[in-house]
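A.B. asks: Pasting a predicted model and its sequence here:
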Amino acid sequence: MTQSQALLILKSGANVFLTGEPGSGKTHTVNSYVSFLRSHNIEPAITASTGIAATHIGGMTIHSWSGIGIKTRLDKYGLNKIASNRRIVKRVQRSKILIIDEVSMLLPETLAMVDAVCREIKQSSEPFGGIQIVLVGDFFQLPPIVKPEMGDDVQAVLIEELQARFAYDSPAWKRVNPTVCYLTEQYRQDDSDFLTLLSAIRNNIFNSDHLSRIETRKIDPHAAPSGVPKLFSHNADVDRVNNEVLAKLSGKPQAFSMSSQGPDALVFTLKRGCLSPEILYLKVGAAVMFTKNNQKESFVNGTLGAVEEFDKHSGYPTIKTRSGRRIKVEPMDWAMEEDGKIRARISQLPLRLAWAITVHKSQGMSLDEAAMDLSNVFEFGQGYVALSRVRRLSGLYLFGWNERTFQVHPDVLIKDAEFRAQSEQSVRAFDNIGQDEIVAIYKRFIYVCEGKQEIPVQSGFEKIREKHPSAYLPWDKSQDDKLHNLFIKNSSISDLVKIFSRTRGAIRSRLIKLGLITKI
């Protein structure tokens with residue numbers, strides 16, 4: 001399915017699961033849909049399963065949005081408490097569309113709790129209280145973290161505890177029954193051989209031939225090219241590498257502190273999700289990575305470069321990117337919006353040290369080059385996520401790997417085949433709908449969401465044009481000449497109305513303008 005086909009389905013108001021390989025354009029499609037909604041004065045609820053993902057999309061975590069917080073189970077008392085919170089009630093009541101990004105990292109119990117909260121507050125038995133649900137993510141990527149239960153609490157919970165691990169196993173997923181939109185285009189990798197290798201991992205057909213290609217990219221850790229970011233599976237390795245290399249550079253480090261405004265809890269959430277640190281230490285020569293997209297300045301989350309100098313007046317750094325472009329970097333904002341209003345904001349240089357980064361924090365990035373130590377990969381999909389950050393095989397440098405690196409979850413492999421088949425069915429179903437019917441569906445959805453219609457469902461002009469197609473359209477010289485000739489040949493007003501598809505009044509007005517009759 002293409003992005004444009006997925007966007008058509010989203011605009012219909014259908015519940016959707018938007019998925020696809022890394023780099024297929026899931027985020028771009030969601031942003032296009034959000035822009036469409038906002039152009040009609042409809043503000044969607046934008047959420048994600050993690051703080052990092054939420055910060056990327058300018059939303060909040062689904063846990064915060066729904067009021068469930070850190071709950072792992074929900075009893076009647078807990079549900080009533082959430083449903084009596086005025087802020088949560090107001091938030092859910094006015095929501096017509098709920099977007100949940102990185103759904104692969106959401107536990108099935110969590111999705112079920114959000115469903116219960118929405119139904120309780122909306123006082124509706126429909127899934128999620130009748131809100132349009134847009135689930136976004138790729139289950140081949142990092143799965144949810146399962147924390148062991150503590151204590152012997154045997155309270156009567158409303159949400160049945162599940163043995164399954166993935167959101168698609170939740171009863172809430174089955175009730176909402178989303179239309180699957182599986183994006184198949186590729187916008188990150190431009191190396192067909194590398195794409196074949198990644199597809200082999202994804203489809204569990206990785207073999208010795210693919211491994212031999214991987215082995216050509218193995219290097220000694222000390223032989224990694226200067227400035228190439230290193231991806232590790234653990235935070236401790238990242239901090240160690242960045243601090244060690246920065247300390248070796250000459251000169252005094254320049255410190256840049258993050259500023260913030262808004263409630264402490266929301267600011268804390270933004271800080272946790274922001275890839276730029278609260279205090280950023282830089283020196284001339286430091287390898288850096290941009291942590292935000294800026295179309296005007298032509299950098300994206302993952303663009304690499306090095307500090308060239310610091311401005312004498314502002315103190316802000318100038319970064320020379322790998323392509324040779326020089327960018328004077330100033331602070332940018334990360335904000336949490338709700339109902340079109342900014343509730344909290346942090347501001348920092350959109351940079352971080354780039355000698356090392358965790359695989360987890362690399363999600364969503366597109367890197368020209370990266371060096372990786374995948375010998376301690378412990379989770380299905382972790383190696384796949386790391387490898388798929390890189391645009392081409394020539395930009396990949398590997399220190400090592402283990403057997404788990406090239407494995408994907410067997411349950412997800414089976415489910416993915418179902419998703420692909422369902423997506424193909426979705427394409428065929430929408431292809432059979434006529435253009436007029438599609439437009440009518442869009443208008444109905446915008447009306448239900450209490451949005452602004454670009455064109456009234458049927459204006460006065462449209463009603464008139466059902467009978468007189470040319471009504472209120474301008475006259476041109478050829479029409480004036482034709483009208484003149486027909487009139488002097490004694491054509492009646494009734495005949496002229498039929499010939500020109502205009503009203504009697506329009507014909508009379510034009511005849512007066514041409515001086516063929518006088519105004520009474």
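C.D. replies: That came through fine.

A.B. asks: So which bits of stretch 92-110 are buried?
C.D. replies: Judged by neighbour count using 16 or more other Cβ atoms under 10 Å, the buried positions of stretch 92-110 are 92, 95-110. Placement of C-beta: from N, CA and C, glycine included.

A.B. asks: Sitting in helices, which of these do you find?
C.D. replies: 92, 108, 109, 110 (DSSP state H).

A.B. asks: which one of the residues you listed is nearest residue 303?
C.D. replies: Comparing those against residue 303 with Cβ to Cβ picks out residue 110 as the nearest, at 33.3 Å.

A.B. asks: I'd like to know how far that closest one sits from residue 104.
C.D. replies: 12 Å (Cβ to Cβ, to the nearest Å).

A.B. asks: And residue 28, by the same measure?
C.D. replies: 18 Å.

A.B. asks: And residue 378, by the same measure?
C.D. replies: 17 Å.

A.B. asks: And for residue 501?
C.D. replies: Taken as Cβ to Cβ, the span from residue 501 to residue 104 is 56 Å.

A.B. asks: buried residues in whichever helix or strand residue 512 is part of?
C.D. replies: Secondary structure from DSSP states H and E places residue 512 in helix 504-513. For helix 504-513, burial by neighbour count (16+ other Cβ under 10 Å) applies to 506, 507, 508, 510, 511.

A.B. asks: Okay, and the beta partners of the nearest residue to residue 343 once chain neighbours are set aside?
C.D. replies: Nearest residue to residue 343 in three dimensions, chain neighbours excluded: residue 336, at 5.2 Å (Cβ to Cβ, 6 or more residues apart in numbering). Note on residue 336: beta-bridge partners by DSSP bridges are residue 344.

A.B. asks: burial of residue 336, as a residue count?
C.D. replies: Using other Cβ atoms under 10 Å, residue 336 has 25 neighbouring residues.

A.B. asks: Pretty sure residue 381 sits against residue 406.
C.D. replies: No. With contacts defined as Cβ atoms under 8 Å, residue 381 does not count as touching residue 406, sitting 10.6 Å away.

A.B. asks: neighbour-wise, which of the two wins?
C.D. replies: For residue 381 versus residue 406, neighbours defined as other Cβ under 10 Å are more numerous around residue 381 (24 against 21).

A.B. asks: Relative to residue 326, how far out is that one?
C.D. replies: From residue 381 to residue 326 the distance is 37 Å (Cβ to Cβ).

A.B. asks: now residue 179
C.D. replies: Separation of residue 179 from residue 326 (Cβ to Cβ): 46 Å.

A.B. asks: now the buried residues of helix 504-513 in JSON lines, with pLDDT?
C.D. replies: Shown next, in JSON lines, are the buried residues of helix 504-513 (pLDDT from 0 to 100):
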{"residue": "506", "pLDDT": "79"}
{"residue": "507", "pLDDT": "82"}
{"residue": "508", "pLDDT": "78"}
{"residue": "510", "pLDDT": "81"}
{"residue": "511", "pLDDT": "80"}
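
A.B. asks: Farthest pair within those residues?
C.D. replies: The largest separation in the buried residues of helix 504-513, counting by Cβ to Cβ, is between 506 and 511 at 9.8 Å.

A.B. asks: Report the helix or strand with the lowest average pLDDT across the chain.
C.D. replies: Least confident helix or strand of the chain, by mean pLDDT, DSSP states H and E, is helix 460-467 with a mean of 54.

A.B. asks: can you pull the buried residues of the helix or strand encompassing residue 480?
C.D. replies: If you go by DSSP H and E, residue 480 is part of helix 477-488. Of the residues in helix 477-488, 483, 487 count as buried by neighbour count, 16+ other Cβ under 10 Å.

A.B. asks: tell me the mean pLDDT for it?
C.D. replies: Average pLDDT, helix 477-488: 82.

A.B. asks: tell me the domain ranges of the chain?
C.D. replies: 3-187+411-448, 201-258+278-323+354-408, 460-513 (automatic domain parsing).

A.B. asks: Distance to residue 343 added to the ones you listed, as JSON lines?
C.D. replies: Putting the domains of the chain into JSON lines (distance: least, Cβ to Cβ, whole Å) gives the following:
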{"stretch": "domain 3-187+411-448", "distance to residue 343": "8"}
{"stretch": "domain 201-258+278-323+354-408", "distance to residue 343": "17"}
{"stretch": "domain 460-513", "distance to residue 343": "41"}
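
A.B. asks: And these: which comes nearest residue 195?
C.D. replies: Taking the domains of the chain one by one with Cβ to Cβ, domain 3-187+411-448 is closest: 6.5 Å.

A.B. asks: how long is that closest one from one end to the other?
C.D. replies: Its start and end residues considered, domain 3-187+411-448 measures 25 Å (Cα to Cα, to the nearest Å).

A.B. asks: roughly how far is that domain from the heart of the chain?
C.D. replies: With Cα atoms, centre = their mean, to the nearest Å as the basis, domain 3-187+411-448 stands 12 Å off its chain's centre.

A.B. asks: cool, and stretch 218-226?
C.D. replies: Offset of stretch 218-226 from its chain centre (Cα atoms, centre = their mean): 34 Å.

A.B. asks: Quick one, grab the pLDDT at residue 150.
C.D. replies: 40.

A.B. asks: oh, I was asking about residue 291
C.D. replies: pLDDT, residue 291: 84.

A.B. asks: right, and residue 181 touches residue 9 too?
C.D. replies: Yes. Using Cβ under 8 Å, residue 181 is in contact with residue 9, at 5.7 Å.

A.B. asks: Next, show the common contact partners of the two.
C.D. replies: 16, 426 (Cβ atoms under 8 Å, 6 or more residues apart in numbering).

A.B. asks: Pick out whichever of the two has more residues nearby.
C.D. replies: Between residue 181 and residue 9, counting by other Cβ under 10 Å, residue 181 is the more crowded of the two (30 against 21).

A.B. asks: what secondary structure does the more buried one sit in?
C.D. replies: Under the three-state scheme (DSSP: H, G, I helix; E, B strand; the rest coil), residue 181 adopts strand.

A.B. asks: What about the closest residue in space to it that isn't next to it in sequence, how many residues nearby?
C.D. replies: Excluding the flanking residues, the one nearest residue 181 by Cβ to Cβ, 6+ apart is residue 6, at 3.9 Å. Neighbour count of residue 6, defined by other Cβ under 10 Å: 30.

A.B. asks: Tell me the pLDDT of residue 6.
C.D. replies: Confidence score, pLDDT, at residue 6: 92.

A.B. asks: Please give me every residue in contact with it.
C.D. replies: 16, 18, 29, 181, 183.

A.B. asks: wait, isn't residue 201 in contact with residue 408?
C.D. replies: Yes. Look at residue 201 against residue 408 with Cβ under 8 Å: they come within range, at 6.5 Å.

A.B. asks: how about the helices of the stretch 151-300 of the chain, start to end?
C.D. replies: Remark: helices assigned in the stretch 151-300 of the chain by DSSP state H, counting those that start in this stretch are 171-176, 192-202, 208-215, 235-248, 264-273.

A.B. asks: Only C-alpha atoms, please: export the shortest one in PDB.
C.D. replies: Backbone C-alpha positions of helix 171-176 (Å, rounded to 0.1, in the frame of the first residue of the first chain) are rendered in PDB as follows:
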ATOM      1  CA  PRO A 171      -9.300  -7.900  23.400                       C
ATOM      2  CA  ALA A 172      -9.400  -4.200  22.700                       C
ATOM      3  CA  TRP A 173      -7.600  -4.700  19.400                       C
ATOM      4  CA  LYS A 174     -10.000  -7.400  18.400                       C
ATOM      5  CA  ARG A 175     -13.000  -5.200  19.300                       C
ATOM      6  CA  VAL A 176     -11.700  -2.200  17.300                       C
END
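
A.B. asks: Any stretches of the chain with poor pLDDT?
C.D. replies: Filtered on pLDDT under 70, the chain yields the residue ranges 55-56, 142-164, 187-190, 295, 338-340, 363-364, 454-474, 518-520.

A.B. asks: returning to what we had before: the helix holding residue 512 vs helix 477-488, what angle?
C.D. replies: On the basis of axes from the mean of the first three to the mean of the last three Cα atoms, to 10 degrees, helix 504-513 is oriented at 90 degrees to helix 477-488.

A.B. asks: Sounds good, over and out.
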